[in-house]
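J.: everything below, folded, please.
(chains A and B)
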Amino acid sequence: MRDLSQIRGEFPALEQKVYGKQLVYFDNAATAQKPRAVLDLIQRMNGGINANIHRAVHKLSAEATDLYEGGREAVRQYINAARREEVIFTSGTTASINLVANTYGERFLSAGDVVLISECEHHSNIVPWQLLCERKGAELRVLPVDESGAWRMDLLDSLLDERVKIVSATHISNVLGLVNPVEELIRRAHAIGAVVLIDGAQGIVHQQVDVQKLDCDFYVFSGHKIFAATGIGILYGKEHLLEKMPPWMGGGDMVDTVTFAKTTYAPLPLKFEAGTPNFIGGATLAPALEFAKEVMGANYIEEEKEKIDYLYQNLKAIDGLRLYGEGEGKIPVFSFSIEGAHHEDVALLLDKMGVAVRSGMMCAEPLMARFGQSGMLRASLAPYNTLQECEIFIAALHRAVSMLR
Amino acid sequence: MENRPIVEVENEIIEEFSVFEDWMDKYEYIIELGKSVPMIEETQKTEANLIKGCQSRVWLSSEYRDGKIFFAADSDAIITKGIISLLVRVFNGRTPQEILSSDFSFVEKIGLKDNLSPTRANGLVSMIKQIQNYAVAYSAK
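T.: Below is the predicted model of the structure:
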């Protein structure tokens, strides 16, 4: 088993300096850096195995197709989907949610029905449902979070009535970094006959996801947050639901036969993959998930815990700092605000000290409003980040705060 | 009191910034400016005076007296406030024509434009635009 310095060495982006300072990259919840195996594959495909997939009979096309479909198989195994037909490639989490809203939602939601989401959703898991509800005359309902950021499960009974047809909620909020009780949500939603989509944009990176065990109807995530190329996303869906859903985008690759009178569609998964797919992006999922599997190993989890504890203690020690999202099952995503220091100012000063963090609303404006904030700071770690980087970050934060106050 | 030419004030600021060796020193100075600037009245923090395109909230109010424009600015972020205070220092009490004939290049000369994060740079562009918009509006009077 490789140690931390060895896996870190796989990421050339981490070696760079910014403004003459060693980069500390703590914006992993936005996007993760790519390991050499992924970068090499992108290079190899662009530079050699570059041919459109699925249709041509020539050698390059066959190789590119194998790599793309190999990415799909890697995803299937990683999330333990029963069949490859259940793994649809999209351009990202957002596209996956929009696909479900515009196909399943379009067909099966009626006026007066309810879509239930939670208060800690990313805009990507709010707006597609809002648009759908407006089109259908349906109601968008919200499961609130408490002060610690946990879902108010005590309110679930009153929110889940027989009008609820779709539940869409995040596995782990990109702001709060808490693992939500999705198993219970799924069970109780199923009991009233609703289908459940889990937004796994963050969850897939920090949890071992088994879609069959979870029993969710849809699970969606992006490749770029889990070390794969940018622009590839995944929609897992139960086969019987995907079969019932009409196609969304029409075009090449998603068809069986086309005449001007009538078109029949390709079987799953291609039914939902119109046009030339991002075959390079799809292919990169194989090495990316190989890497992800390795860093889910026991010793990395132990090291991660050490970093989480360090950040918890040292952030809380800063006078006037408020953390959002505290409790069991915390992943290394720390959002906070500091009295007397605007998030944008802090982020700007940290940047000049080489530390990359996020500031602002983080695409979760309703959650910002819930906590009375115009924005927050967020430090989010990946397994390749070190304890030493945590120390640099905390020291830089102290300096920034003392400059601003 | 007669105003010095815009270019003279700009050069003075460029001079002040030339002594800083690294970005942290530069920001230390901008933060000091931000802290010392008088804030604008709460009543002036209106939607109309709010500048769009900034991550932080920035207000810029103006008053037209004796053919000159007088600015007051504020922000909930101190660095933004420091930056806009530099703009106010250069362009306060100027005629619309003076403002419209300025190229605002001193902002680049002190390195602010390049070294700001994209959202901040957009905000800075918005601030400059707002000052120019006021000048255009008053020049029509």
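J.: so who does the residue of chain B found nearest chain A touch?
T.: Closest contact between chain B and chain A, by C-beta to the nearest C-beta, is at residue B:77 (3.8 Å). Every residue, glycine included, has its C-beta placed from N, CA and C. Taking C-beta atoms under 8 Å, 6 or more residues apart in numbering or on different chains as the criterion, residue B:77 is in contact with A:342, A:344, A:345, B:55, B:56, B:57, B:58.
J.: where's residue A:378, which helix or strand?
T.: Assigned by DSSP states H and E, residue A:378 belongs to strand A:376-380.
J.: right, and the helix or strand after that strand?
T.: Downstream of strand A:376-380 (by DSSP H and E), the next one is helix A:387-404.
J.: near the residue in the stretch 301-405 of chain A that chain B sits nearest to, how many other residues are there?
T.: Proximity of the stretch 301-405 of chain A to chain B (C-beta to the nearest C-beta) peaks at residue A:342, 3.8 Å away. Using other C-beta atoms under 10 Å in any protein chain shown, residue A:342 has 25 other residues around it.
J.: from memory it sits against residue B:76, does it?
T.: Yes - in this structure, residue A:342 is within contact of residue B:76 by C-beta atoms under 8 Å, at 5.8 Å.
J.: could you tell me which residues touch both of these two?
T.: Common contacts of residue A:342 and residue B:76, defined by C-beta under 8 Å, 6+ apart, comprise residue B:56.
J.: ok, which stretches of the stretch 301-405 of chain A are helices?
T.: A:343-352, A:365-370, A:387-404 (DSSP state H, counting those that start in this stretch).
J.: how about these, which one is nearest residue A:247?
T.: Among these, helix A:365-370 comes nearest to residue A:247, with 31.7 Å by C-beta to C-beta.
J.: measure residue B:88 to residue A:283 for me?
T.: From residue B:88 across to residue A:283, the span is 54 Å (C-beta to C-beta, to the nearest Å).
J.: out of the two, which sits in the more crowded spot?
T.: Per other C-beta under 10 Å, whichever of residue B:88 and residue A:283 has more neighbours is residue A:283, with 31 against 19.
J.: which non-adjacent residue is nearest the more buried one?
T.: Distances taken as C-beta to C-beta, 6 or more residues apart in numbering or on different chains place residue A:67 nearest to residue A:283, at 3.8 Å, with adjacent residues excluded.
J.: sticking with that neighbour, tell me its helix or strand.
T.: If you go by DSSP H and E, residue A:67 is part of helix A:59-79.
J.: does anything pack onto that helix? Which helices or strands?
T.: Other elements packing on helix A:59-79 under the criterion 3 or more C-beta pairs under 8 Å, 6 or more residues apart in numbering or on different chains; DSSP states H and E are helix A:36-47, strand A:87-90, strand A:233-237, helix A:279-295.
J.: show me the shaky parts of the chain.
T.: As the question left the chain open, I've gone with chain A. Applying pLDDT under 70 to chain A picks out no residues at all.
J.: to clarify, I was referring to chain B.
T.: Within chain B, the stretches with pLDDT under 70 are B:1-2, B:53-54, B:114-122.
J.: helix, strand or coil for the spatially most central residue of it?
T.: The centroid of chain B falls nearest to residue B:87 when counting by C-alpha atoms, centre = their mean (2.3 Å). Three-state call for residue B:87 (DSSP: H, G, I helix; E, B strand; the rest coil): helix.
J.: thought residue B:129 was touching it, still the case?
T.: No - Residue B:87 is beyond contact range of residue B:129, at 11.2 Å (criterion: C-beta under 8 Å).
J.: quick one: residues contacting the residue nearest to the centre of chain B.
T.: B:71, B:73, B:107, B:127, B:128, B:131.
J.: distance of it relative to residue A:267?
T.: 62 Å.
J.: dump the longest helix along chain B to PDB, restricted to CA.
T.: When every helix of chain B is counted residue by residue (DSSP state H), the longest turns out to be helix B:118-139. Extracted as PDB, the C-alpha positions of helix B:118-139 are listed here (Å, rounded to 0.1, in the frame of the first residue of the first chain):
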ATOM      1  CA  PRO B 118     -11.900  37.100 -11.100                       C
ATOM      2  CA  THR B 119     -14.900  38.000  -9.000                       C
ATOM      3  CA  ARG B 120     -13.100  40.900  -7.400                       C
ATOM      4  CA  ALA B 121     -11.800  42.100 -10.800                       C
ATOM      5  CA  ASN B 122     -15.300  42.100 -12.100                       C
ATOM      6  CA  GLY B 123     -16.400  44.000  -9.100                       C
ATOM      7  CA  LEU B 124     -13.600  46.600  -9.800                       C
ATOM      8  CA  VAL B 125     -14.700  46.900 -13.400                       C
ATOM      9  CA  SER B 126     -18.300  47.500 -12.200                       C
ATOM     10  CA  MET B 127     -17.200  50.200  -9.800                       C
ATOM     11  CA  ILE B 128     -15.300  52.000 -12.500                       C
ATOM     12  CA  LYS B 129     -18.300  51.700 -14.800                       C
ATOM     13  CA  GLN B 130     -20.600  53.100 -12.100                       C
ATOM     14  CA  ILE B 131     -18.400  56.100 -11.700                       C
ATOM     15  CA  GLN B 132     -18.400  56.700 -15.400                       C
ATOM     16  CA  ASN B 133     -22.200  56.200 -15.500                       C
ATOM     17  CA  TYR B 134     -22.700  58.900 -12.900                       C
ATOM     18  CA  ALA B 135     -20.400  61.200 -15.000                       C
ATOM     19  CA  VAL B 136     -22.400  60.500 -18.100                       C
ATOM     20  CA  ALA B 137     -25.700  61.100 -16.300                       C
ATOM     21  CA  TYR B 138     -24.600  64.400 -14.800                       C
ATOM     22  CA  SER B 139     -22.900  65.700 -17.900                       C
END
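J.: can you give me the angle it makes with helix A:343-352?
T.: Using axes from the mean of the first three to the mean of the last three C-alpha atoms, to 10 degrees, the direction of helix B:118-139 lies 130 degrees away from that of helix A:343-352.
J.: list the buried ones in helix B:118-139?
T.: Neighbour-count burial for helix B:118-139 flags B:119-121, B:123-128, B:130-132, B:134-135, B:138 (criterion: 16 or more other C-beta atoms under 10 Å in any protein chain shown).
J.: brilliant, that's me finished.
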